[in-house]
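A.B. asks: need the 3D shape of this:
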Amino acid sequence: MSQESRRCSRCGETKPLGEFYKDRSRPDGHMYDCKACRKVRYAEHRDERAAYDKEYSQTERGKEATREASYKYRQSKRGKETYRRYWQTAKCRAAARRASRKRRARMAGAEMGPVSEQAVYKRDGHECVYCGSVEDLVLDHVVPLVQGGEHCEDNLVVACRSCNASKGGKLLSEWEGPK
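C.D. replies: Numbers count the residues shown, from 1 in each chain. Predicted coordinates:
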């Protein structure tokens, strides 16, 4: 048997080293069983492993290990770069805005209906309903959540950030309008 091949400990066939997964802890740097046998073994024990993993993740030790691994990754150079790139994406910022609005609605005890932000923008012509601006647009609750308004399409309008900030938690009758 040459240095470029080895015998699989499971099937007993002699195969080239390329047919074995690498393992630096082994003397010759490769696993003892071939890739084909590994795949069969993996498939046979997949359900058992999944059940064990699920059970382990529910234990305090498993939760702590997960938290610790997550923390170590976030502190690593690669983890910091990954998180930085993720938080800069528009998709992430939009999801954060949606989550914030939902949380505020829940905290105010507001009813939460299905909301399609794109439908609200389309309905209002992609411009502020208060001043007509087309820059820096956000969604505004006509009847604010803190005043008992609902989080639904009927209570949402498109507003520029300036009008939305100056209106704040006031009703339209209390607000002096855009300046």
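
A.B. asks: so what's A36 up against?
C.D. replies: C11, E19 (CB atoms under 8 Å, 6 or more residues apart in numbering). For glycine as for every other residue, the C-beta is placed from the backbone atoms N, C-alpha and C.

A.B. asks: can you tell me how far it is from K102?
C.D. replies: Computed as CB to CB, to the nearest Å, the A36 to K102 distance reads 49 Å.

A.B. asks: need the contact list for the residue nearest the centre of the chain.
C.D. replies: Centroid-nearest residue in the chain: C92, 7.9 Å away (criterion: CA atoms, centre = their mean). Neighbouring residues of C92 by CB under 8 Å, 6+ apart: Y86.

A.B. asks: residues of stretch 117-129 that come out buried?
C.D. replies: For stretch 117-129, a neighbour-count test (16 or more other CB atoms under 10 Å) marks E117, V120, Y121, D124, E127, C128 as buried.

A.B. asks: what's the span of stretch 42-49 from first residue to last?
C.D. replies: In stretch 42-49, first residue to last residue: 9 Å (CA to CA, to the nearest Å).

A.B. asks: pLDDT of stretch 41-53, averaged?
C.D. replies: Mean per-residue pLDDT for stretch 41-53: 90.

A.B. asks: for this structure, which helix or strand comes out least confident on mean pLDDT?
C.D. replies: helix 90-107 (a mean of 83; mean pLDDT, DSSP states H and E).

A.B. asks: same for the following helix or strand past that helix, what does it pack against?
C.D. replies: With elements assigned by DSSP states H and E, the helix or strand that comes after helix 90-107 is helix 117-123. Helix 117-123 sits against strand 137-141, strand 156-160, with contacts defined as 3 or more CB pairs under 8 Å, 6 or more residues apart in numbering; DSSP states H and E.
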